[in-house]
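**Q** 3D, please:
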Amino acid sequence: MDLFAFPKYLLAVVYGALLGIIIWRWLPRRKKRLLNILINNPRLRKILTSHGSRNLTEIKSILTAAGALLIGLALAGPQWGIKSEEVPQLGGNLVICMDISDSMLAQDIKPSRFERSKIEILEAYAGARADDPYRIGLVTFSGRAYVQCPLTLDSGALNFILQTSAPGSLPYPGTSISAALKTAFQLLQTSNGSRHILLVTDGEDHEGDARQMIGQLQKNNIQVSVLWSGNPQGEPIPMADDNGNFAGYKKDKNGNTVISRSDPRDMEILAQQTGGRFMRLESSGNPQQELRRLVTPEKTGHAASKRLTLENRFQFPLIAGFLLLLAEFVMPEETA
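**A** Numbers count the residues shown, from 1 in each chain. So this is what the prediction gives:
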């Protein structure tokens, strides 16, 4: 453990001290030489520069230099004295893969599959408790997948990014669940602790190769849970105009209404074989408790670990430095 929290500022203190010494030694000599040039009469020069009182300029300079030096040391963050603090047990690492394909606009779940899924995710994770921390990341996907938020303890980042995400915001149509799993896998590959992927989707997989990821996920002990909002019977996809008003249902190139339907069996197999949970998102359901369990650490009976750190003591040189500068400010230039 270092004596200074920010040792790089010590170099600035050294340079400042050297500069102060140079000015302190150089300025009086230059002042005397300039006076000799301006006033040629030695007698007049003696009358103008003589004082019957004691000059305190040198003492004021020393106080200024000492005060600045102490404030510089305070910026370097001196620290001494050991303190013990508890480090809470990390709940785990969770990457949320959020489906933002057009089919998530279907309204068989009110107000829509996407909006309802977003509400449940925000309610479950956006208010992370300080005594049960976990790192959370966000991947959005349609035909391709993109990392929107890397793994972080800042749950507010998830809130902000999800509020600005919407179906159709990616320029690649379709749904590729395998792309989402691969992107989430890359985020979790180097993470310590438990690792979990939450797939939030209606289950439509136009690529159809999500099962190919199961072996790789099992090998790396990454669990996949699914929050499924699909409909095996099918549901049309509403479209909106530029003003947000209903503009009919999505149609294919032949003019037929596109129906979003999916079979949950593939998603159930994915969750089962990776050790995750399969959850159905229903209009009257409340999956938040199940969602929170994905990141809740198991109760082992062990207390939280303790960490030894040095106490910050910057306030002592900072106060002393300001007192010296205050003394220099109230001190007169000379005294009788």
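
**Q** domain ranges for the chain?
**A** As assigned by automatic domain parsing, the chain contains the domains 8-83+311-335, 93-293.

**Q** residues in contact with stretch 174-187?
**A** When contacts are taken as Cβ atoms under 8 Å, 6 or more residues apart in numbering, the neighbours of stretch 174-187 outside the stretch itself are 95, 97, 99, 101, 103, 137, 139, 141-147, 150-151, 197, 199, 201, 204-207, 209-210, 212-213, 216-217, 220, 222, 224. C-beta coordinates here come from the backbone N, C-alpha and C atoms, glycine included.

**Q** same thing with stretch 59-78?
**A** Outside of stretch 59-78, the residues that reach it under the criterion Cβ under 8 Å, 6+ apart are 3-10, 12-13, 16-17, 20-21, 24, 312-318, 320-325, 327-328, 331, 333.

**Q** If any of those are buried, give me the PyMOL selection for them.
**A** In PyMOL, a selection of the buried entries from the contacts of stretch 59-78 looks like this (16 or more other Cβ atoms under 10 Å):
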select buried, resi 4+5+10+13+20+313+314+317+318+320+321+324+325+328
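
**Q** So which of the contacts of stretch 59-78 sit within strands?
**A** Residues from the contacts of stretch 59-78 lying in strands, with DSSP state E as the criterion: residue 312.

**Q** Mind checking which of the contacts of stretch 59-78 land in helices?
**A** In helices, defined here by DSSP state H, the members of those are 8-10, 12-13, 16-17, 20-21, 24, 315-318, 320-325, 327-328.

**Q** which ones are touching the most centrally placed residue in the chain?
**A** Most central residue of the chain, judged by C-alpha distance to the mean C-alpha position with Cα atoms, centre = their mean, is residue 154 at 5.1 Å. Taking Cβ under 8 Å, 6+ apart, we find residue 154 in contact with no residue.

**Q** And it, how far from residue 144?
**A** Applying Cβ to Cβ, to the nearest Å, the value for residue 154 to residue 144 is 26 Å.

**Q** returning to what we had before: least reliable of the domains of the chain going by mean pLDDT?
**A** In terms of mean pLDDT, the lowest-scoring of the domains of the chain is domain 8-83+311-335 (a mean of 73).

**Q** Give me the buried positions along the helix or strand harbouring residue 115.
**A** Residue 115 belongs to helix 113-125 when elements are defined using DSSP states H and E. When burial is assessed from 16+ other Cβ under 10 Å, helix 113-125 yields the following buried residues: 113, 114, 115, 116, 117, 118, 120, 121, 122, 124, 125.

**Q** helices and strands around it, which ones?
**A** Using 3 or more Cβ pairs under 8 Å, 6 or more residues apart in numbering; DSSP states H and E as the contact definition, the elements that helix 113-125 packs against are strand 93-99, helix 155-163, strand 222-228, helix 288-293.

**Q** I'd like those written out as JSON lines, with mean neighbour count added.
**A** As requested, those are exported to JSON lines (neighbours: other Cβ atoms under 10 Å):
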{"stretch": "strand 93-99", "mean neighbour count": "25"}
{"stretch": "helix 155-163", "mean neighbour count": "16"}
{"stretch": "strand 222-228", "mean neighbour count": "25"}
{"stretch": "helix 288-293", "mean neighbour count": "15"}
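
**Q** which stretch among those comes nearest residue 264?
**A** Distance to residue 264, taken as Cβ to Cβ, is lowest for strand 222-228 among these, at 5.5 Å.

**Q** Give me the sheet partners of the next helix or strand after that closest one and which way each runs.
**A** Once the chain leaves strand 222-228, the next helix or strand it forms, by DSSP H and E, is strand 235-236. Within its sheet, strand 235-236 is paired with strand 259-260 (antiparallel), according to DSSP bridges.

**Q** Good, we can wrap up now.
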